[in-house]
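Asker: Fold the following, please.
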Amino acid sequence: MHGNDGSRTAAEVLIDQLVVHGTRHVFCVPGESYIAALDALHDRDIAVTVCRHESGAAIMAEACGKATGRPGICFVTRGPGATNAAAGLHIARQDSTPLILFVGQIAREMREREAFQELDYRAVFGSIVKWATEIDDPTRVPELISRAFYTATSGRPGPVVIALPEDMLVERVAVADAPACAPVETWPGAADMSRLQKLLWAAQRPIMLLGGSRWSQAAYAAVARFADRFALPVATTFRRAHLFSPMHPCYAGDLGIGPNPKLLARVKGADLILLVGGRLGEQPSQGYTLLGIPGPRQTLVHVFPGVEELGRVYHPHLAINASPTAFAAALEGLQPPTVLPWRADTPVAHADFFAWTDEATTVPGAVNLGEIIVGLREKLPPDAVVCNGAGNFSVWVHRYTRYRNFGTQLAPIAGSMGYGVPAAIGIKRLAPERPVIAFAGDGDFLMTGQEFATAVQYDLPVIIVVVDNGMYGTIRMHQERHYPGRVIGTDLKNPDFAAYARAFGGYGAIVEKTADFFPAFAAAQKSGKPAILHLKVDREALTPTMSLTATREKAQAGG
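Answerer: Residues are numbered from 1 along each chain as shown. Here you go, the predicted structure:
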């Protein structure tokens with residue numbers, strides 16, 4: 001509250017800055033180190049979501065940052081609270097997501113004594129985040145919070161950490177609020193677009209690859225119009241499938257884990273690659289094998305919002321320092337050549353995508369995850385958000401899900417297990433009107449499964465599909481490939497996940513046959529509660545195309 005002299009506590013100034021910058025949601029685990037900031041939230045128009053673990057809170061904030069392009073906001077306490085949140089910071093870094101993590105800190109006069117839960121946050125998080133700082137002077141709160149918003153959103157977006165000494169938060173100051181942050185768009189120059197048009201006119205087999213962050217609904221639509229006019233084949237990179245409609249006649253598929261071999265051949269055979277927004281990191285580049293390093297075999301046009309990334313791994317023939325949103329708008333000015341040498345191949349690329357994804361492969365066991373995901377296409381509306389964590393189960397999710405609208409996919413490019421459940425809860429908190437479903441492996445789920453209690457507490461009817469094969473499937477796959485038959489450290493003994501859901505006050509059902517899934521899914525929807533559908537899948541179903549036994553036998557044969 002304002003004092004008679006117009007002063008506020010630093011904590012109140014801090015929360016007022018969040019309001020100024022458009023924050024509407026905060027995710028946290030409470031702690032005495034920032035209790036003054038928590039109190040300041042009491043009287044502000046910001047929804048506070050109290051989570052059960054700091055990793056869950058940070059991931060929820062990251063998911064909101066990923067979905068909106070505005071910084072997700074998370075508060076955690078010092079020491080173990082902060083280190084627990086590191087998973088969310090790492091995801092935000094690798095996924096180029098704007099995120100601001102506020103960490104309660106010891107009082108300033110106690111520094112350098114290894115006081116209770118003391119850490120140097122600049123040192124601890126300096127290699128993960130874009131910027132880590134500590135606010136010593138309460139009069140600088142507006143300045144530094146403004147800087148945090150600009151840092152998190154500008155160039156290549158990413159995480160920021162701000163430590164808040166508990167004694168600083170209760171000091172009273174009379175200071176003006178900072179102006180609202182407006183993220184800086186970097187636009188391509190006319191010369192860049194002219195060179196791009198010349199390269200497109202000279203191409204015989206071009207392909208466009210879409211990835212990264214800083215996209216918008218307008219950019220999504222603009223790229224679709226550009227692809228139409230140029231009849232240009234378009235692929236999305238790892239866990240960015242929502243950037244282009246799968247039903248668009250130019251869509252060639254998803255360049256991630258276990259991609260269509262025909263898509264890989266198409267990228268390798270291209271004479272021009274237009275990479276927009278993404279870094280073409282290890283996963284979409286298939287272990288850095290698609291393009292030569294540093295000099296790609298193909299003509300590479302790389303469009304990226306952070307100038308430091310251009311030329312870092314791949315030496316592009318044309319580097320364009322621009323955000324995807326600005327670049328997509330500039331595409332409206334390009335004109336296609338009179339003759340499009342690749343026109344006849346684009347429908348073939350689209351047909352190859354449908355052939356790869358239309359029907360699920362046959363797998364061992366009574367539950368076929370592929371058939372379930374194919375069937376869900378008719379059950380979920382176009383605006384439904386599909387979330388997942390990491391594990392072999394996600395190969396089915398990415399291959400068969402059709403993300404029909406922009407912003408309908410939430411998945412960790414960083415490959416972090418435990419992502420899907422808190423991401424689903426975070427986006428449902430942000431947009432309660434949208435259907436949200438999360439897929440999680442058994443090991444994946446239990447890393448953040450306690451956040452199911454958060455879904456129940458806030459009445460968020462997400463549906464979580466737990467794919468239970470009784471093992472850490474991805475690691476078992478690599479184990480069988482490299483050390484066949486020598487199984488150690490990958491088996492899991494799991495609980496009854498449906499009973500787990502009911503114990504928290506949610507809906508739970510066990511699915512032991514594919515046909516049983518859809519009645520259970522309908523019942524989960526009808527319940528109006530957070531739900532867990534426990535799929536008991538055969539561990540032999542290792543991937544859509546390879547069984548566990550076949551993987552072992554191939555390795556033993558030296559294949």
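
Asker: Quickly list what the closest residue to Arg195 other than its chain neighbours is bridged to.
Answerer: Leaving aside its sequence neighbours, Arg195 sits nearest to Leu318 (CB to CB, 6 or more residues apart in numbering; 5.5 Å). Just so you know, the C-beta spots here come from the backbone N, C-alpha and C atoms, and that holds for glycine as well. For Leu318, the beta-bridge partners are Val301 (DSSP bridges).

Asker: Now do the same contact list for Leu318.
Answerer: 192, 195-196, 199, 300-302 (CB atoms under 8 Å, 6 or more residues apart in numbering).

Asker: So which of those is the closest to Thr97?
Answerer: Nearest to Thr97, judged by CB to CB, of the contacts of Leu318 is His302 at 20.3 Å.

Asker: State the distance from that closest one to Leu310.
Answerer: Distance, His302 to Leu310, using CB to CB, to the nearest Å: 6 Å.

Asker: again, but for Thr543
Answerer: 35 Å.

Asker: For those two, work out which one has more neighbours and name it.
Answerer: The neighbour comparison of Thr543 against Leu310 (other CB atoms under 10 Å) goes to Thr543, with 21 against 18.

Asker: Next up, phi/psi of the residue nearest to the more buried one when sequence neighbours are not counted, please.
Answerer: For Thr543, ignoring the flanking residues on the chain, the nearest one in space by CB to CB, 6+ apart is Val395 at 5.4 Å. Phi and psi for Val395, reported as degrees, to the nearest 10, are phi -60, psi -40.

Asker: what sits against Val395?
Answerer: Counting by CB under 8 Å, 6+ apart, Val395 touches 257-258, 543-544.

Asker: now the helices: where do they sit in the stretch 301-450 of the chain?
Answerer: Along the stretch 301-450 of the chain, the stretches classed as helices by DSSP state H, counting those that start in this stretch are 324-330, 345-357, 369-376, 393-400, 420-430, 442-448.

Asker: Tell me which of the ones you listed lies nearest to Ala47.
Answerer: Closest approach to Ala47 among the helices of the stretch 301-450 of the chain (CB to CB): helix 420-430, 7.2 Å.

Asker: Would you mind getting the angle between that closest one and helix 393-400?
Answerer: Interaxial angle of helix 420-430 relative to helix 393-400 (axes from the mean of the first three to the mean of the last three CA atoms, to 10 degrees): 50 degrees.

Asker: Show me how far helix 420-430 is from its chain's centre.
Answerer: 11 Å (CA atoms, centre = their mean, to the nearest Å).

Asker: ditto for stretch 369-379
Answerer: For stretch 369-379, the distance from its own C-alpha centre to the chain's C-alpha centre is 22 Å (CA atoms, centre = their mean).

Asker: Quick one: end-to-end distance for stretch 76-91.
Answerer: 17 Å (CA to CA, to the nearest Å).

Asker: before we move on, back to that, ok, of the contacts of Val395, which come out buried?
Answerer: Among those, those that count as buried by neighbour count (16 or more other CB atoms under 10 Å) are 257-258, 543-544.

Asker: related to what we said a few turns ago, and of the helices of the stretch 301-450 of the chain, who's closest to Lys526?
Answerer: The nearest among those, by CB to CB, is helix 369-376 at 16.2 Å.

Asker: elements contacting the closest one?
Answerer: Under the contact criterion of 3 or more CB pairs under 8 Å, 6 or more residues apart in numbering; DSSP states H and E, helix 369-376 touches helix 393-400, helix 514-527.

Asker: redo that, cut-off 10 Å
Answerer: With contacts taken as 3 or more CB pairs under 10 Å, 6 or more residues apart in numbering; DSSP states H and E, helix 369-376 sits against helix 345-357, helix 393-400, strand 436-441, strand 463-468, helix 514-527, strand 531-536.

Asker: I'd like the ones you listed as a markdown table, with distance to Gly415 and mean pLDDT appended.
Answerer: Supplementary listing: those in a markdown table, determined by distance: least, CB to CB, whole Å; pLDDT from 0 to 100:
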| stretch | distance to Gly415 | mean pLDDT |
| --- | --- | --- |
| helix 345-357 | 22 | 97 |
| helix 393-400 | 9 | 94 |
| strand 436-441 | 12 | 98 |
| strand 463-468 | 16 | 97 |
| helix 514-527 | 26 | 97 |
| strand 531-536 | 21 | 98 |
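
Asker: Quick check: which of the ones you listed is nearest to Val161?
Answerer: In this view, those are compared for proximity to Val161 by CB to CB, and strand 436-441 is the closest at 26.9 Å.

Asker: partner strands of that closest one, parallel or antiparallel?
Answerer: Its sheet considered, strand 436-441 pairs with strand 385-388 (parallel), strand 463-468 (parallel) by DSSP bridges.
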